[in-house]
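> Got a predicted structure plus its sequence, pasted below:
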Amino acid sequence: MVSQGTEPRTIRFGPFELDLANRELRRRGHLVKLQPQQFAVLQLLVERAGQIVSREEIHQHIWGSDTFVDFERGINFAINQIRAALGDSADKPRYVETIPRRGYRFLHPVEFLSESAVEPNSSKTLGLVASSEVPSNNAAPPPLIAVRPFWKKPILWGAVALVLIIGLSAVWWLARRRHTSPDASAQITVKSIAVLPFVNLSEKPGEEYFVEGMTDELITDLAHLPDMRIISRTSSMQYAGTKKSIPQIAKELNVDAVVEGSVVRAGDRVRIRVQLIYAPRDEHMWASAYERNLENVLDLEQTAALDIADELKLQLTGQQLARASRSRTVSPEIYDLYLRCRFFWDKRDDDGLKNAIVCFNQVIAKDPSYAEAYAGLADTDILLYAYAPTSSAKLIGEAEIAAEKAVYLDDNLAEAHTSLAMLALYNDNWNWMEAQKHYQRALRLNPNYATAHHWYGDAYLEEMGRVDEAIVEIRRAAELDPLSPIIATDLGKAMIFARRYDDAITQLNNTLALYPDYSLAHYWLYYAYAEKGDYSKAFVELDKVQTFLGRPRYLAERAFLTARSGDSKKARVMIDDVQALSQREYVNPSAMVYAYTALGDKDQAFAWLERGYREKLPFMGSIKVVPCLDPLRSDPRYSDLTHRLGLPS
């Protein structure tokens, strides 16, 4: 406690300081706004930390017995504002606990600091005081412990002096070493983090989906931290079961720190252990363990994320604190099912996506208020549409309904806003303004959401003709998800649209070095070679994606390439074969547009463009920047079409 005559001027708890002299609340030195009455209530609770403070005491202390106000409303408002300032929750309090029908209790350990210098073994020193050890205002001070004056004994005095000399010498040596050793003095700066897949310690088969879900939740919560780059799960999950060292993983993902963890699930209890490692030196920074019932499992990840933020001394705003500290409970059965849905969705193949649709609908049937399930359903429909546009009308309509429902239930879901941005183009007559609004909203909500950066660059900026800006945005997505083949491929595609063919070829070959069988990278590499005029290499790459494209589209693409290489007669024979196939099989209009443009047949090219417009196909948005359509741009029909698409002239 503070010695007689010395009043504490600051009370510290967690990352907060209560400055009693200036009547200010600060978080890591940054001012947190509180009204005078709210500050007085917080001061009273903090000074009585660990004790129940009745509502009557607060009334008497703050308002006084002679003041007649709507006290009940006043105290409720004050407590709500205090919790908002601290990022606290009434349901899962970390600081202010409500004691029903009695009052409130401050939970967090506190430390009283005086302005005067602190001396060793002085009563002016206040260490970290546990909540139960904080004295009340009227409590008597604890009894002093009697100590025999050992300094009267020469032998003991000599021993003490020797210990002091050795201790001071060690301090001097360590200080000197700190200033002379470059390794020891190196500052630890963390601006980027990768969360590695958690290890399943439950020894129970079939729990991989649950453990992956725990990893994903922590990534999601960390993604909201300010000024911090968090690697996307699609990249970090590729290190499951890896034998690579932490420094090697960090180098590949270009991050400063790595989070490792383990999960133990026993019945309805879940325990996770998390540790933060400074990657360049493989140096342990922090570790903690958390345990909850399954219905409160989301609190595990929130608490861990906030603790990591405290360890890294991040400055969270009041809004960020409130979002990170929001209380979320979920039925164990429904949460378990939801994790299975995301497990299917992450497979990104036809079977996985179809299973995900069934699964997300099961979650919604059990809990129609589960916003994340609607967002997941919208994401699944959009991906299925991208893979199989023949069923576009049904899929896009269902995706829009699901995304709008998700936003209605939780307007702070970045994933749902990203889906709505894409749907504003395909299901809302190419509403570019609405798409931009949702993309920007998603990026404000979660600056670390790689898909939002990716789609904003690829499906908005690029199609607006702002290709250089698109490349910057897709690069940002690649920084967040460095091992994503689709993002790496779309970066190469953007370079093609910027007419940077050599850069595109390098980018796509680098992608194929990591993913040799990735068909989409081979497809855009074929197109890059075609635009550069290297037709022999273009034919080689096109042949590699014959199965991927399907027979009709492959023939149409080959007709395009054959015409570009100078053999128009052979190209016309091939395109006639495709026209015949189109009577019984679906033919993607884009390849037909390219082929007829290469043959100089503008009437057929525009006929197939109109078909793409009617079907609201994704490729229509890019007609402004696709190089092979340059011969069409002087035609009035092109200007009319871009006007109807809402594209800038």
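Thanks, I have it.

> Domains of the protein: list them as residue ranges, please.
If you go by automatic domain parsing, the domain ranges for the chain are 10-133, 157-185, 192-329, 550-649.

> now the strand or helix carrying Q604, how far from the centre of its chain.
Secondary structure assignment for Q604, by DSSP states H and E: helix 602-614. Computed by C-alpha atoms, centre = their mean, to the nearest Å, the chain-centroid distance of helix 602-614 equals 40 Å.

> just to revisit the earlier point, please name whichever of the domains of the chain is nearest to A421.
When the domains of the chain are compared by C-beta to C-beta, domain 550-649 sits nearest A421, at 12.3 Å. Just so you know, the C-beta spots here come from the backbone N, C-alpha and C atoms, and that holds for glycine as well.

> one step back: check which residues of the helix holding Q604 are buried.
Buried positions in helix 602-614, judged by neighbour count with 16 or more other C-beta atoms under 10 Å: K602, Q604, A605, F606, W608, L609, G612, Y613.

> The third one contacts L632, doesn't it?
Yes: using C-beta atoms under 8 Å as the test, A605 is close enough to L632 to be in contact (6.2 Å).

> Quick check: the residue positioned nearest the centre of the chain vs Y449, distance?
The chain has A223 as the residue nearest its centroid, 3.0 Å off, counting by C-alpha atoms, centre = their mean. Distance of A223 to Y449, computed by C-beta to C-beta, to the nearest Å: 7 Å.

> go on, Y527?
28 Å.

> tell me the contacts of the residue nearest to K366 when sequence neighbours are not counted?
Nearest in space to K366, with sequence neighbours left out and distances taken as C-beta to C-beta, 6 or more residues apart in numbering, is I334 at 5.4 Å. Listed by C-beta atoms under 8 Å, 6 or more residues apart in numbering, the contact set of I334 reads V363, K366, D367, Y370.

> What is the burial count for the second one?
I take that to be K366. Neighbourhood size, K366 [other C-beta atoms under 10 Å]: 14.

> you'd agree it is up against E333?
Yes: K366 lies in contact with E333 (C-beta under 8 Å); the separation is 7.3 Å.

> sorry, back to before: return the member of the buried residues of helix 602-614 nearest to N293.
Nearest to N293 among the buried residues of helix 602-614: G612, at 52.7 Å, using C-beta to C-beta.

> Might one say that the closest one is in contact with A591?
No: applying C-beta under 8 Å as the test, G612 and A591 come out as separate, 10.7 Å apart.

> and A159, what pLDDT?
The score at A159 is 48. That number is its pLDDT.

> wait, L383
For L383, pLDDT reads 83.

> Can you tell me the SS state at it?
Assigned by DSSP: H, G, I helix; E, B strand; the rest coil, the conformation of L383 is helix.

> got the contact list for the closest residue to it other than its chain neighbours?
Closest residue to L383 apart from its sequence neighbours, by C-beta to C-beta, 6+ apart: L353 at 5.8 Å. Taking C-beta under 8 Å, 6+ apart, we find L353 in contact with F344, W345, K347, T380, L383, L384, Y387.

> where does L353 land in three-state SS?
The three-state label for L353, taken from three-state DSSP, comes out as helix.

> gap between it and C359?
Computed as C-beta to C-beta, the L353 to C359 distance reads 10 Å.

> Which residues are in contact with each of the two?
Common contact partners of L353 and C359 (C-beta under 8 Å, 6+ apart): F344.

> So which bits of the helix or strand harbouring Y335 are buried?
Using DSSP H and E, the element containing Y335 is helix 332-345. Using 16+ other C-beta under 10 Å as the test for burial, helix 332-345 gives I334, Y335, D336, L337, Y338, L339, R340, C341, R342, F343, F344, W345.

> which one of these is nearest P93?
When the buried residues of helix 332-345 are compared for distance to P93 (C-beta to C-beta), Y335 wins out at 22.3 Å.

> Quick one, grab the pLDDT at the closest one.
At Y335, the model reports a pLDDT of 78.

> T125 now?
In this model, T125 is scored at 30, pLDDT.

> Does the spatially closest residue to L18 that is not a sequence neighbour fall in a helix, a strand, or a coil region?
Once flanking residues are discounted, L18 sits nearest to I11: 4.3 Å by C-beta to C-beta, 6+ apart. Three-state assignment for I11 (three-state DSSP): strand.

> Am I right that I11 is in contact with F106?
No: using C-beta under 8 Å, I11 makes no contact with F106, being 10.2 Å away.

> By average pLDDT, which secondary structure element in the chain comes out worst?
Across the helices and strands of the chain, mean pLDDT, DSSP states H and E gives its lowest value to helix 182-185, namely a mean of 41.

> Go ahead and name everything in contact with the helix or strand following that one.
Next helix or strand after helix 182-185 toward the C-terminus (DSSP H and E): strand 192-195. Outside strand 192-195, the residues that touch it by C-beta under 8 Å, 6+ apart are 215, 218-219, 222, 228-231, 233, 235-236, 249-250, 253-259, 261, 276, 308.

> What about those residues, which are in strands?
The members of the contacts of strand 192-195 that map onto strands under DSSP state E are R229, I230, A257, V258, V259, G261, L276.

> where's the dip in pLDDT among the residues you listed?
Within those, G261 has the lowest pLDDT, namely 88.

> Next, count neighbours for that residue.
For G261, the tally of surrounding residues (other C-beta under 10 Å) stands at 24.

> what does R499 give?
The tally of other residues near R499 (other C-beta under 10 Å) stands at 13.

> Sticking with it, tell me its helix or strand.
Here R499 is assigned to no helix or strand, by DSSP H and E.

> same deal with the one 4 residues further on?
Here D503 is covered by helix 501-514, with elements defined by DSSP H and E.

> Show me what counts as buried in stretch 46-60.
Neighbour-count burial for stretch 46-60 flags V46, E47, R48, A49, G50, Q51, V53, R55, I58, H59 (criterion: 16+ other C-beta under 10 Å).

> Straight-line length of it, end to end?
Stretch 46-60 stretches 17 Å from its first residue to its last (C-alpha to C-alpha, to the nearest Å).

> for stretch 81-90, same thing?
11 Å.

> So which bits of it are buried?
Those buried within stretch 81-90 under the rule 16+ other C-beta under 10 Å are Q81, I82, R83, A84, A85, L86, G87, D88, S89.

> got the contact list for the third one?
This points to R83. R83 is in contact with S89, A90, P93, Y95, V96, counting by C-beta under 8 Å, 6+ apart.

> out of the ones in strands among the contacts of strand 192-195, who's nearest T506?
R229 (24.2 Å).

> Excluding chain neighbours, what is closest to the closest one?
Spatial nearest neighbour of R229, chain neighbours left out: S192 (4.0 Å); criterion: C-beta to C-beta, 6+ apart.
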